[in-house]
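Visitor: What follows is a protein structure lacking sequence information:
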């Protein structure tokens with residue numbers, strides 16, 4: 001019996017589970033305001049930690065969105081693993097269709113969120129900080145009542161973000177490889 005597996009899907013499923021675990025402890029993007037830190041934000045799609053003056057802040061809506069992303073990625077990874085060992089079954093394409101894009105959506109939506117997080121403060125309040133790197137942010141005169149106030153801000157993507165891009169690429173590759181695995185074997189000519 002010739003058994004086919006989608007090895008790319010197997011690796012993508014395992015890598016997605018690993019990404020979830022890593023993302024609970026290591027952020028994808030960090031923001032630090034001041035030195036020593038007055039405020040900080042450690043962000044990933046499954047966990048966000050906001051802190052101001054050493055006090056951690058929890059925003060229920062953000063917590064709920066993180067939980068939804070965590071559950072979605074976990075379900076996608078499990079379904080991808082099931083698909084990987086049975087890629088030629090009639091229901092396999094549905095399993096793959098559900099699972100391959102979960103990490104991709106997480107990466108794209110997270111990147112959009114971070115870009116908006118860096119652009120919107122400039123549009124509405126008048127100060128901007130970099131997407132990645134360090135800068136001295138000048139508070140607008142209207143906020144500082146005529147006094148020039150600047151503060152150091154550092155931001156940056158952390159290695160799990162780049163790992164997430166690789167995981168998303170593995171999901172796409174598994175989807176593209178599906179046609180090779182699911183195709184019926186060629187019959188020998190008689």
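Guide: The structure has been received and is ready for your questions. From a predicted model like this one, the values you see are computed outputs, not experimental measurements.

Visitor: looking only at pLDDT, what's the mean for the top helix by length along the chain?
Guide: Criterion DSSP state H: the longest helix present in the chain is helix 60-85. Taken as a whole, helix 60-85 has an average pLDDT of 91.

Visitor: and the very next helix or strand once past that helix, how far from the chain's centre?
Guide: Next in sequence after helix 60-85, counting helices and strands by DSSP states H and E, comes helix 92-99. Helix 92-99 has its C-alpha centroid displaced from the chain centroid by 20 Å (Cα atoms, centre = their mean, to the nearest Å).

Visitor: what comes into contact with the following helix or strand past helix 92-99?
Guide: Following helix 92-99 in sequence order, the next helix or strand is helix 102-124 (DSSP H and E). Counting by Cβ atoms under 8 Å, 6 or more residues apart in numbering, the neighbours of helix 102-124 from elsewhere in the structure are 12, 16, 19, 28-29, 43-45, 69, 72-73, 75-77, 127-131, 155, 161, 164-165, 167-168, 170-172. For every residue, glycine as well, the C-beta is placed using N, CA and C.

Visitor: again, only this time at 6 Å
Guide: 16, 29, 45, 72-73, 76, 127-128, 131, 164-165, 167-168, 171 (Cβ atoms under 6 Å, 6 or more residues apart in numbering).

Visitor: do the same with stretch 23-36
Guide: 39-44, 46-47, 114, 151-158, 160-161.

Visitor: In helices, which of these fall?
Guide: Applying DSSP H to the contacts of stretch 23-36, the entries found in helices are 114, 160-161.

Visitor: Need those residues in a markdown table (columns: pLDDT and neighbour count).
Guide: As requested, the ones in helices among the contacts of stretch 23-36 are exported to a markdown table (pLDDT from 0 to 100; neighbours: other Cβ atoms under 10 Å):
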| residue | pLDDT | neighbour count |
| --- | --- | --- |
| 114 | 90 | 19 |
| 160 | 94 | 21 |
| 161 | 94 | 21 |
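
Visitor: Of those, which is the nearest to residue 135?
Guide: For those, the closest approach to residue 135 (Cβ to Cβ) belongs to residue 114, at 15.5 Å.

Visitor: so who does residue 158 touch?
Guide: The contact partners of residue 158, taken as Cβ under 6 Å, 6+ apart, are 27-28.

Visitor: Who are the packing partners of the longest helix of the chain?
Guide: For helix 60-85, the helices and strands in contact under the criterion 3 or more Cβ pairs under 6 Å, 6 or more residues apart in numbering; DSSP states H and E are helix 7-25, helix 92-99, helix 102-124.

Visitor: Buried deepest among these, which one?
Guide: Most buried of those by mean neighbour count (mean count of other Cβ atoms under 10 Å) is helix 7-25; its value is a mean of 20.
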